[in-house]
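Asks: fold the following for me, if possible:
(4 chains)
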2 protein chains.
Amino acid sequence: MSKANVVTYSIGELAKEFDITTRSIRFYEDQGLILPTRNGQTRIYNQRDKVRLKLILRGKRLGFSLAETGRLFELYDADKSSATQLNTIMDLIAQKKNDLNQQLEDIQAVLVELTGLEKNCKDALITIEKK
Amino acid sequence: MSKANVVTYSIGELAKEFDITTRSIRFYEDQGLILPTRNGQTRIYNQRDKVRLKLILRGKRLGFSLAETGRLFELYDADKSSATQLNTIMDLIAQKKNDLNQQLEDIQAVLVELTGLEKNCKDALITIEKK
DNA sequence: ACGAAAGTTTACGTTTACGTAAACTTCATG
DNA sequence: CATGAAGTTTACGTAAACGTAAACTTTCGT
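Replies: Predicted coordinates for the structure are as follows:
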């Protein structure tokens, strides 16, 4: 009785929870990012599918394309028995980490600028109100 | 003679420097993000235009749409004489900062995961090589 | 049992951010 | 002065990520 009482979700539940449309969820499946099982026609999502959805949405917030996110999934699922495979994977990871560090810098730069502009506005507001 | 010797660029120069096509640069102008002056037909870009281009590309790396980047430009250029205007701007800035902080978190999370996966691979590689 | 709600497939429409091509004009230069 | 490089406009094409709609089937609450 180890697999008893497995948590599952309907497409509607997930759509509501993540505030996306069912259309999107089916589309992600179409692109091979999620692989729900079926109960007849109806899609059934498990915990893993839900986590993947979460990751997909996080990827989107970071500007990843679905294909990119898919490639990340492949990295996780990849066969870790071949040394050359492992090296390829590690190269890809290093590349991704580079990109992300660049993004970190970019974001921090924009944050600094926005904070500057914010202060700028604050000062202007104070000056106006003094009159 | 204060404006003598102003630095300018041709569309080709900028394209080469930023490694984008001239098509893209013209498109950004079409969307109102850059406003080069003209020498007859020919576009002439100054320092400000170049900075904007840089900002556009940074925005793209962050997943900003051109429209979004355009709105940020407007914030910078906006009239800072009206108090209500200033408050509106500051709200927008606060919103953007929120988004960016969310992105920061997202990136850091992914970086942590990738680093974990990386270690994972490293270990697997060592295990393989031991044999 | 039956109507509303939720799910399914199929397919065409839409937006964003350019690519690509055609058909000129302008300018430097061998 | 012709020719090739760089620039210009206009316009149609394209990929990604869904939206929207039609036309059905399945499921659930009363």
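Asks: other residues contacting the longest strand belonging to chain A?
Replies: In chain A, with assignment by DSSP state E, the single longest strand is strand A:42-46. Strand A:42-46 has contacts (C-beta atoms under 8 Å, 6 or more residues apart in numbering or on different chains) with A:6-11, A:14, A:26, A:29, A:34, A:36-38, A:53. Backbone N, C-alpha and C define where each C-beta goes, glycine included.
Asks: which of those sit farthest apart?
Replies: Largest separation among these by C-beta to C-beta: A:Val6 and A:Arg26, giving 21.9 Å.
Asks: for these two, indicate the residue with more neighbours.
Replies: Ranked by neighbour count (other C-beta atoms under 10 Å in any protein chain shown), A:Val6 and A:Arg26 place A:Arg26 first, with 15 against 8.
Asks: out of everything not next to it in sequence, what's closest to the more buried one?
Replies: Leaving aside its chain neighbours, A:Arg26 sits nearest to A:Ile11 (7.3 Å; criterion: C-beta to C-beta, 6 or more residues apart in numbering or on different chains).
Asks: what does A:Leu111 give?
Replies: Counting by C-beta to C-beta, 6+ apart, B:Leu100 is the residue found nearest to A:Leu111 once chain neighbours are left out, at 5.4 Å.
Asks: host element of the one you found?
Replies: Following DSSP states H and E, one finds B:Leu100 within helix B:83-130.
Asks: tell me the mean pLDDT for that helix?
Replies: Mean pLDDT, computed over helix B:83-130, is 94.
Asks: what does chain A have sitting close to DNA strand D?
Replies: Taking C-beta under 7 Å from any atom of the strand as the criterion, chain A approaches DNA strand D at residues A:20-21, A:23-24, A:27-28, A:31, A:39-42, A:60, A:65-67.
Asks: list only buried entries from these.
Replies: The neighbour count (16 or more other C-beta atoms under 10 Å in any protein chain shown) marks A:20, A:24, A:28, A:60, A:66 as buried among these.
Asks: count the neighbours of the residue lying closest to A:Asp79 once chain neighbours are set aside for me.
Replies: Leaving aside its sequence neighbours, A:Asp79 sits nearest to A:Gln85 (C-beta to C-beta, 6+ apart; 6.0 Å). Around A:Gln85 there are 15 other residues, counting by other C-beta under 10 Å.
Asks: equivalent analysis for A:Leu35, please.
Replies: A:Leu35 has 12 nearby residues by other C-beta under 10 Å.
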